[in-house]
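A.B. asks: Got a sequence here, can you build the structure:
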Amino acid sequence: MKKPQFVRKLFTTSRLLEFFTEKELSMQIGHSKEWWPIALLKELIDNSLDAAENINKPPEIQIVIAENYFSVEDNGPGIPDKVINRSLNYTVRVSDKSYYVSPTRGQLGNALKCVYAAPFVANGEIGKIEIVNGKKTYMIEVVLDRIDQKPKIKLNKLDEGNCKKVTVFYTDSAGLLLTPKVSNIYKTPMDAETLVKRYAIFNPHATFNLNGKTYEPSSTVWKKWLPTEPTSPHWYTPEQLKTLIAAYLSMDRDSEKTVREFIAEFRGLSGTTKQKEATDDAGLSGKRLCDLIVNNDIPLAPIEKLLMSLKKHSRQVKATSLGSIGEEHLKTRMMNDYHIAPNSFKYKKIAKIDEVTNLPHVIEIGFAIYDKDHEQNSRQVISGLNWSPTFDFLSEAKTMLFENHIEPQDPVCVVCHIARPKFEYTDKGKEQVCL
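C.D. replies: Residues are numbered from 1 along each chain as shown. The predicted structure follows:
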């Protein structure tokens, strides 16, 4: 008797599930499951800081951690209705940062989608998120149809809401107030207080309140590069400029937007005379963006010529224009929050334009020894990129410490911050960069 042959079926898995399994969501967030609450909290704080800065207000961030939820409230304009509605579509990515080259925080690009999905994946039953944008209240409930392989999202909307806040209902979120225990002691998730203290050290103009504890700003008039400032053409490669133009055209392929109108959005090119000279030199006078399309693509040659012209008719941005945290603020925060000995504090700042990438950067380093009452403490290294703390410290900082024989058990505190228009990240969590 012939033995029956087993024939494997060819199954199809929807890309919509990329956010709804532990493995796939860990890849989207860049961290394993035990890190999700703190990683999502970080994204919400990043967005809140940017929101307040977008309307030129010193940020005021209120963070509440409770038993089964955490929330972030700010004094910004609130998440627009259209952004909330578009973010519920898991077939597209919604971001106002990913195509621009600019020194901004929070470049995950899919933060709200991760916020919606994580509570569901964590408890396996339902995810609940509440968004109040100052005018309306959105209650979002997420479940998964495993047969159709897609999320089922229920959106309830109330025409009331007197604050700007995002609340994530997450099982055992009170754990954010403790240091979670995991098997790898070198990759223990950060607690909320540690995270907020690090935000305070990198944002002199912001007020943070965590469950009633307030971290006051050192200067509400401190200046940095704002998310609303035009980007510089000197920061783009031809490929990046091409990608940006393609993003504009993907929204409206037959757009009447002219090349001249497009370049007017760049720093140093708001004047009509410079716009005319730049488009003339590029051979694109009177052309629309859609005129650049050839066979469903945009050839690189005219983009290279356009970029050369934009750089010719605009000035490179000085590194100091990015802003610096400052010696006094770093010293004060390190004294208040990390108990350093004031007379041991050392500070160094490097502000220059990289000769290879043509990108400006500002590097600031603070170093100190703990005071006598805390000299039993071991080494702390606090890293930040574009005014947002990293969970791990930078590989360059590790090398620096190793070369200077500063060991993990040494009673020192080191702060390192880098501001730069664009980082090339070497990990999914956007913690390590290639400099």
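A.B. asks: Flag every buried residue along stretch 251-268.
C.D. replies: Thr258, Val259, Arg260, Phe262, Ile263, Ala264, Phe266, Arg267, Gly268 (16 or more other Cβ atoms under 10 Å). No exception for glycine: its C-beta is placed from N, CA and C like everyone else's.
A.B. asks: got it, and stretch 357-376?
C.D. replies: 359-371.
A.B. asks: burial count for the closest residue to Phe266 other than its chain neighbours?
C.D. replies: Closest residue in space to Phe266, ignoring its immediate chain neighbours: Pro233 at 5.0 Å, by Cβ to Cβ, 6 or more residues apart in numbering. A total of 24 residues lie near Pro233 under the criterion other Cβ atoms under 10 Å.
A.B. asks: do Lys136 as well
C.D. replies: Neighbours around Lys136, by other Cβ under 10 Å: 16.
A.B. asks: got the contact list for it?
C.D. replies: Asp81, Lys157, Leu158, Asp159, Glu160, Gly161 (Cβ atoms under 8 Å, 6 or more residues apart in numbering).
A.B. asks: neighbour-wise, which of these leads?
C.D. replies: That'd be Gly161 among the contacts of Lys136, by other Cβ under 10 Å, with 18 neighbours.
A.B. asks: the helices in the protein, which residues?
C.D. replies: 22-29, 36-54, 81-87, 111-123, 192-202, 238-251, 259-263, 272-281, 300-312, 327-338, 395-403 (DSSP state H).
A.B. asks: For those helices, which has the smallest mean pLDDT value?
C.D. replies: Here the helices of the chain differ in mean pLDDT, and the lowest is helix 395-403 at a mean of 77.
A.B. asks: elements contacting that one?
C.D. replies: strand 380-385, strand 412-419 (3 or more Cβ pairs under 8 Å, 6 or more residues apart in numbering; DSSP states H and E).
A.B. asks: returning to that earlier point: got the helices of the chain as TSV, with distance to Glu424 columns?
C.D. replies: As requested, the helices of the chain are exported to TSV (distance: least, Cβ to Cβ, whole Å):
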stretch	distance to Glu424
helix 22-29	19
helix 36-54	19
helix 81-87	26
helix 111-123	20
helix 192-202	21
helix 238-251	12
helix 259-263	25
helix 272-281	28
helix 300-312	19
helix 327-338	26
helix 395-403	13
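A.B. asks: what's the closest of the ones you listed to Ser219?
C.D. replies: Proximity to Ser219, assessed across those by Cβ to Cβ, is greatest for helix 327-338 (7.3 Å).
A.B. asks: Work out the gap between that closest one and the centre of the chain.
C.D. replies: Computed by Cα atoms, centre = their mean, to the nearest Å, the chain-centroid distance of helix 327-338 equals 24 Å.
A.B. asks: Specify the angle between that helix and strand 412-419 in degrees.
C.D. replies: Using axes from the mean of the first three to the mean of the last three Cα atoms, to 10 degrees, the inter-axis angle of helix 327-338 relative to strand 412-419 is 130 degrees.
A.B. asks: For the remainder of this discussion, apply numbering that starts at 278.
C.D. replies: With the count now opening at 278, the last piece we talked about shows up as helix 604-615.
A.B. asks: which residues touch helix 604-615?
C.D. replies: Helix 604-615 is contacted by residues 474, 477-478, 481, 495-496, 499, 617, 619, 622, 624, 626, 641, 643, 645, 647, 657, 659, 690, 692 when judged by Cβ under 8 Å, 6+ apart.
A.B. asks: The same query, at a cut-off of 6 Å, please.
C.D. replies: Residues outside helix 604-615 that contact it (Cβ atoms under 6 Å, 6 or more residues apart in numbering): Lys474, Ile478, Pro481, Ser495, Ile617, Pro619, Phe622, Tyr624, Gly643, Ala645, Cys690, Val692.
A.B. asks: For that helix, list every residue counted as buried.
C.D. replies: Applying 16+ other Cβ under 10 Å to helix 604-615 flags His606, Leu607, Lys608, Thr609, Arg610, Met611, Asp614, Tyr615 as buried.
A.B. asks: nearest spatial neighbour of Ser621, skipping sequence neighbours?
C.D. replies: In space, Ser621 is closest to Ile646, 4.1 Å off (Cβ to Cβ, 6+ apart).
A.B. asks: Equivalent analysis for Lys519, please.
C.D. replies: Ile580 is the one closest to Lys519 (Cβ to Cβ, 6+ apart), at 4.7 Å.
A.B. asks: how many neighbours does that neighbour have?
C.D. replies: 23.
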